[in-house]
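J.: Provide a 3D model corresponding to the input given below.
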Amino acid sequence: MFSLLTIFAGSFVVGLSGAMAPGPVLTVAISETLKRGFKAGPLIVLGHAILEIVLLLLIAAGLGPFFQLPAVTTIFLSAGGAVLLWMGGQMVITNKRTTEDALNAKGAESPYGPVLAGIVLSVSNPIWIIWWVTVGMGFVMQSLQLGIAGLLSFYFGHILADLAWYSFVSFSVSAGRRFCSPVLYRAVFIVCGIALIGLGGLFISKAV
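T.: Numbering: from 1, shown residues only. Here you go, the predicted structure:
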């Protein structure tokens, strides 16, 4: 049987490898940090963590196989792709106004933008669902052998990996923000938007 420390360490390492992979959360973390500063990364992780505790409980309750059904996968791919297309389109269309707000430190008052982004991006990403019902489910089953303590060790190891990585990303982007010109800002937002559109198209193509 695994120990609590083994579960925590394994969850952290696997979680970090997943967090470091390029994807929609990383893309939005960069764009939100440009608008809001360092706090954007941790706030996105907060939204991500809220959703993950719900999914973790569902899997622990035995609903993991439901998420593996082909029809469910198709629904998540289609819906997730549509959300990413919309978010990417908004970033491209509104990049000028967003750049002006970021440079003038506007729009940073409310934390709900990045928190909701963390929730929406997670639930709209079918790769996230697939990870949880495969790798994640394996960890959950092992963790449950140690009861609630094991499950909490797995969860906090996983979330701390996300927090460590996205805090690092936000710090790096925020520290370099002072050197960004308006043209570079707009270029970053457009590239991030196009990346989300591309990911959205990829998800939808896999659903049909």
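J.: tell me which helix or strand comes right after the lowest-mean-pLDDT helix or strand in the chain.
T.: In the chain, the helix or strand scored least confidently by mean pLDDT, DSSP states H and E is helix 95-103, which has a mean of 59. Per DSSP states H and E, helix 95-103 leads on to helix 112-123 as the next helix or strand towards the C-terminus.
J.: centre of the chain to the helix or strand hosting residue 152, how far?
T.: Secondary structure from DSSP H and E places residue 152 in helix 147-176. Distance of helix 147-176 from the chain centroid (CA atoms, centre = their mean, to the nearest Å) equals 11 Å.
J.: buried sites along it?
T.: Across helix 147-176, burial judged by 16 or more other CB atoms under 10 Å covers 150-163, 165-167, 169-170, 173-174. In this view, the C-beta of every residue, glycine as well, is placed from N, C-alpha and C.
J.: what does stretch 34-53 give?
T.: Neighbour-count burial for stretch 34-53 flags 34-49, 51-52 (criterion: 16+ other CB under 10 Å).
J.: dump it to PDB, keeping only the CA atoms.
T.: Extracted C-alpha coordinates of stretch 34-53, given in PDB (Å, rounded to 0.1, in the frame of the first residue of the first chain):
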ATOM      1  CA  LEU A  34      -1.100  40.800 -18.900                       C
ATOM      2  CA  LYS A  35      -4.400  42.300 -17.900                       C
ATOM      3  CA  ARG A  36      -4.400  41.700 -14.100                       C
ATOM      4  CA  GLY A  37      -0.900  41.000 -13.000                       C
ATOM      5  CA  PHE A  38       0.500  38.200 -10.900                       C
ATOM      6  CA  LYS A  39      -2.700  37.300  -9.100                       C
ATOM      7  CA  ALA A  40      -4.300  36.000 -12.300                       C
ATOM      8  CA  GLY A  41      -2.400  32.700 -12.200                       C
ATOM      9  CA  PRO A  42      -3.300  31.700  -8.600                       C
ATOM     10  CA  LEU A  43      -7.000  32.800  -9.200                       C
ATOM     11  CA  ILE A  44      -7.200  30.600 -12.300                       C
ATOM     12  CA  VAL A  45      -5.900  27.700 -10.300                       C
ATOM     13  CA  LEU A  46      -8.600  28.500  -7.600                       C
ATOM     14  CA  GLY A  47     -11.300  28.100 -10.300                       C
ATOM     15  CA  HIS A  48      -9.600  24.900 -11.500                       C
ATOM     16  CA  ALA A  49      -9.400  23.600  -8.000                       C
ATOM     17  CA  ILE A  50     -13.100  24.200  -7.300                       C
ATOM     18  CA  LEU A  51     -14.100  22.100 -10.300                       C
ATOM     19  CA  GLU A  52     -11.600  19.400  -9.600                       C
ATOM     20  CA  ILE A  53     -12.800  18.700  -6.100                       C
END
